[in-house]
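# sequence first, predicted model second:
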Amino acid sequence: MQYVNSLLDLIGNTPLVRLGRTLDLPAEADGPLVLAKVEYLNPGGSVKDRIASRMIEAAEASGELQPGGTIVEPTSGNTGVGLAMVAQQKGYKCVFVCPDKVSEDKRNVLKAYGAEVVVCPTAVAPEHPDSYYNVSDRLASQPGAWKPDQYSNPHNPRSHYETTGPEIWAQTDGRITHFVTGMGTGGTISGVGRYLKEQNPDIQVVGADPAGSVYSGGTGRPYLVEGVGEDFWPETYDRTVADRVIEVSDADSFAFTRRLAREEAMLVGGSAGMAAFAARALAHELAAEGRTDAVVVVLLPDSGRGYLTKVFNDEWLGQYGFATGEQADHRTVGEV
Ligand code: PMP
């Protein structure tokens, strides 16, 4: 019989899949090779399963998280799903605090795993007792509560140093030359980048960043791609690791996200489209330099399922003036 005892045993060991037509390299080109690390194949649907399990294991080992304890984190995204999944399997309670602008769908995902969701009003000052910050601090200071804090927890980058990095090195037989990823907390780039450079200091670590974010020299001005880019420098980001940061506009990120679904059958989120667009630009540079032996690995953090009403919705894109790319037009019966 072939089975695992828990879904948690399936975290990590995600495959590398070669990108093809979306690279738009000349048909006769025999490189560079661009490989996508498909993180939506993790059991919770994103790369964040890795940090959730590692942060929880470390807190168990240090005694910060005791049996029957409660995990409190101000998040509504992928980290929440990872934490909810691991907490449930290990018998912990989970409380997520999120602002009221977070969609009901996202809240319902967390509740579906058995987590509690506390919604705070956006329209109050940070010092107000009902603010997102105050509510999460209050809940985290209750007896038995523990706050992972993915923006400062060293086990976030460490999980990538211990799993994602070694997987990529082994899967490419040590032939990787470039690693491309987006940056939110910076955990992925810091952990993977450090591991790879320790194996071979010539490996180039390339960040992909939404125009406006501090990582690419912006001031924190708003952008629409979710999960990446910051308006501050998180503790989990190692400023020495990236050799280069490629800035990508929302328009390019979204158009390329749609192309990945239509041409590579990869239904991924906007941050994956952003990173893959940067990897494509890099592949063109390498091709122009004759570096056909280059092996570029790009990390795709999550699935497009969570963005069907945004990136994959023509009206939503149109409302911001973005092109819908090569999306097939709807046909109504009668026109067919
Ligand atoms: N993409 C998505 C969709 C994410 O949720 C995150 C995590 N915030 C990232 C990319 C960036 O990963 P990291 O936090 O490791 O920098």
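Perfect, thanks for sending it.

# around the ligand, pick out the residues from the stretch 151-300 of the chain.
Applying Cβ under 6 Å from any ligand atom, we find that the stretch 151-300 of the chain lies next to the ligand at 182-188, 226-228, 269, 271. C-betas here are computed from N, CA, C, even on glycine.

# where does the stretch 51-200 of the chain get nearest to the ligand, which residue?
Residue of the stretch 51-200 of the chain nearest the ligand, by Cβ to the nearest ligand atom: Gly184 (2.8 Å).

# quick one: secondary structure of that residue?
Following DSSP: H, G, I helix; E, B strand; the rest coil, we place Gly184 in the coil state.

# next one: Gly193
helix.

# so it sits right up against Ala242, yeah?
Yes. Gly193 lies in contact with Ala242 (Cβ atoms under 8 Å); the separation is 6.8 Å.

# so what sits against both of these two?
Both Gly193 and Ala242 are contacted by Val205, under the criterion Cβ atoms under 8 Å, 6 or more residues apart in numbering.

# neighbour-wise, which of the two wins?
Taking other Cβ atoms under 10 Å, Gly193 and Ala242 do not tie; Gly193 has more neighbours (27 against 22).

# state the pLDDT value of that one.
For Gly193, the model assigns a pLDDT of 98.

# go on, Leu10?
pLDDT, Leu10: 98.

# that one and the ligand, how far apart?
Here the criterion is Cβ to the nearest ligand atom, to the nearest Å. By it, Leu10 lies 19 Å from the ligand.

# and the residue nearest the centre of the protein?
Note on the chain: the residue nearest the mean C-alpha position is Pro301, at 3.6 Å, using Cα atoms, centre = their mean.

# from what I can see Val311 touches Thr324, true?
No. Look at Val311 against Thr324 with Cβ under 8 Å: they stay out of range, at 10.0 Å.

# identify the contacts common to the two.
Taking Cβ under 8 Å, 6+ apart as the contact rule, Val311 and Thr324 both touch 258, 317.

# which one's more surrounded, those two?
Legend: neighbour count by other Cβ under 10 Å for Val311 and Thr324, higher for Val311 (26 against 18).

# quick one: average pLDDT of the helix or strand where Ala279 lies?
Assessed by DSSP states H and E, Ala279 sits inside helix 270-288. When pLDDT is averaged along helix 270-288, the result is 97.

# count the residues that sit near the residue of the stretch 51-200 of the chain closest to the ligand.
27.

# circling back: other SSEs contacting the helix holding Ala279?
strand 33-38, strand 178-182, strand 204-210, strand 244-248, helix 250-264, strand 295-300 (3 or more Cβ pairs under 8 Å, 6 or more residues apart in numbering; DSSP states H and E).

# closest to Glu235 out of the ones you listed?
Set against Glu235 and scored by Cβ to Cβ, those come closest in strand 204-210, at 16.8 Å.
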